[in-house]
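Visitor: Next input, structure requested:
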Amino acid sequence: MAGKKQDNSSIVQDEGVGSKKNTFEGKIQYLSLNQLADFKNHPFKVEMNTELFELMQSIEKEGVLVPLLARPNPAGQGYELIAGHRRKAASKWAGVDKVPVMVVELDDNQAVIAMVDSNLQREHIKPSEKAFAYRMKLEAMKQQGKRTDLTLSQVGTKLLDNPTLSVAKVVADYDESGEWKLQNEPVKMRADEMLARQVGESRNQIARYIRLTYLIPKILDWVDEGKIAFTVAVELSYLNEEQQYELHAVMDIEQCTPSLSQANRLKRMSQSGKLDMDAIYLVLEEEKPNQREQIRIRSDRLNPYFPKDYTVRQKIELIETLVKEWHREQMQVKSR
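Guide: Numbers count the residues shown, from 1 in each chain. Predicted coordinates for the structure are as follows:
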């Protein structure tokens with residue numbers, strides 16, 4: 001019931017990464033949308049697309065079923081939204097002024113981790129969103145240090161100084177009296193290893209994603225749009241800012257993007273201090289294998305004309321021979 005406050009303490013379970021649940025306890029209140037400030041440096045974009053339109057229609061019909069998550073705004077009045085930016089946007093689109101919000105007390109690091117965990121479950125996540133989310137969470141984990149009261153969904157290189165976290169491993173064994181006993185045994189784990197386990201990525205892949213945060217916005221947009229491959233983007237992230245702007249200018253003018261091998265060459269030239277606009281032009285002007293003209297003919301159109309025991313290589317050689325003979329005959333005709 002919109003507009004009605006609920007002062008009772010409640011518990012909300014938010015599905016986190018890897019089906020792990022984050023449990024938050026606090027008060028559900030009905031707050032105006034203008035009381036909810038977006039999370040600072042929120043890496044996940046809210047786009048006016050079909051999914052948001054469908055969410056808006058659902059809210060128009062049934063209201064906001066899952067409370068948003070927020071904390072008292074550390075920057076001033078109102079509240080800072082941790083989870084529910086899409087629900088907020090859809091509610092505004094639907095003309096709903098007040099929404100149910102679970103208000104919890106979280107410090108900056110806890111808020112970052114909760115924000116990232118609640119958004120990584122989205123079905124469609126852009127490379128740039130995942131990159132900045134991973135970086136923010138690792139930084140928060142570094143600040144938390146060796147806390148031992150963190151669950152897998154609460155903790156997040158050398159990525160970002162890569163702190164070591166203390167977690168507990170359950171060990172089962174017989175004690176001196178012969179009784180079966182369970183006990184916790186402290187285990188040291190790298191922060192990036194912990195994050196990798198949570199999100200189902202390798203540590204190296206986490207590092208690659210974080211490299212994308214060093215790209216200028218214009219190139220990063222091309223990565224999100226699929227114009228530049230992920231592996232290519234990682235290599236380009238090693239260029240300094242000026243070189244990246246020059247590269248983007250060349251790509252925009254020439255309407256081309258580098259291959260992986262070209263990106264690697266640009267990276268090495270940058271590291272050796274030999275990369276400038278002219279060098280970028282020279283590298284990108286090279287013909288890439290996938291740019292060479294290719295003629296494709298379905299094999300079922302040619303197979304009837306070859307002996308059944310002919311291999312693919314023999315077929316190609318025969319076609320080349322026949323084309324050469326045809327070309328020679330054409331030249332002879334022209335010379336008469």
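Visitor: Helices along the stretch 101-250 of the chain, start to end?
Guide: Remark: helices assigned in the stretch 101-250 of the chain by DSSP state H, counting those that start in this stretch are 108-119, 127-144, 191-199, 203-211, 217-224, 230-236, 241-254.
Visitor: Dump these to JSON lines, plus distance to Lys267 and mean pLDDT.
Guide: The C-beta positions use only the backbone N, C-alpha and C, and glycine is treated the same way. Below are those laid out as JSON lines (distance: least, CB to CB, whole Å; pLDDT from 0 to 100):
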{"stretch": "helix 108-119", "distance to Lys267": "29", "mean pLDDT": "89"}
{"stretch": "helix 127-144", "distance to Lys267": "18", "mean pLDDT": "89"}
{"stretch": "helix 191-199", "distance to Lys267": "22", "mean pLDDT": "82"}
{"stretch": "helix 203-211", "distance to Lys267": "11", "mean pLDDT": "93"}
{"stretch": "helix 217-224", "distance to Lys267": "13", "mean pLDDT": "95"}
{"stretch": "helix 230-236", "distance to Lys267": "5", "mean pLDDT": "96"}
{"stretch": "helix 241-254", "distance to Lys267": "10", "mean pLDDT": "93"}
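Visitor: among those, which is nearest Arg265?
Guide: helix 230-236 (9.0 Å; CB to CB).
Visitor: Next, count neighbours for Val104.
Guide: Close neighbours of Val104, defined as other CB atoms under 10 Å, add up to 18.
Visitor: That one and Leu68 touch, don't they?
Guide: No - Val104 lies out of contact with Leu68 (CB atoms under 8 Å); the separation is 11.1 Å.
Visitor: Now the nearest residue in space to Phe132 that is not next to it in sequence. Its backbone dihedrals?
Guide: Setting aside the residues directly before and after it, Phe132 is nearest to Pro43 in space (CB to CB, 6 or more residues apart in numbering), at 3.6 Å. Reported as degrees, to the nearest 10, the phi and psi values for Pro43 are phi -80, psi -10.
Visitor: Nearest to Val323, out of the helices of the stretch 101-250 of the chain?
Guide: helix 241-254 (32.8 Å).
Visitor: Extract the CA atoms of that closest one and return them as CSV.
Guide: Output of helix 241-254 as CSV, limited to C-alpha atoms (Å, rounded to 0.1, in the frame of the first residue of the first chain):
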residue,chain,number,x,y,z
GLU,A,241,45.5,8.6,-22.3
GLU,A,242,46.9,10.8,-25.0
GLN,A,243,47.7,7.7,-27.2
GLN,A,244,44.2,6.3,-26.7
TYR,A,245,42.6,9.6,-27.8
GLU,A,246,44.9,9.6,-30.9
LEU,A,247,44.0,5.9,-31.6
HIS,A,248,40.2,6.7,-31.3
ALA,A,249,40.6,9.6,-33.7
VAL,A,250,42.3,7.3,-36.3
MET,A,251,39.8,4.5,-35.8
ASP,A,252,36.9,7.0,-36.3
ILE,A,253,38.4,8.5,-39.4
GLU,A,254,39.4,5.2,-41.0
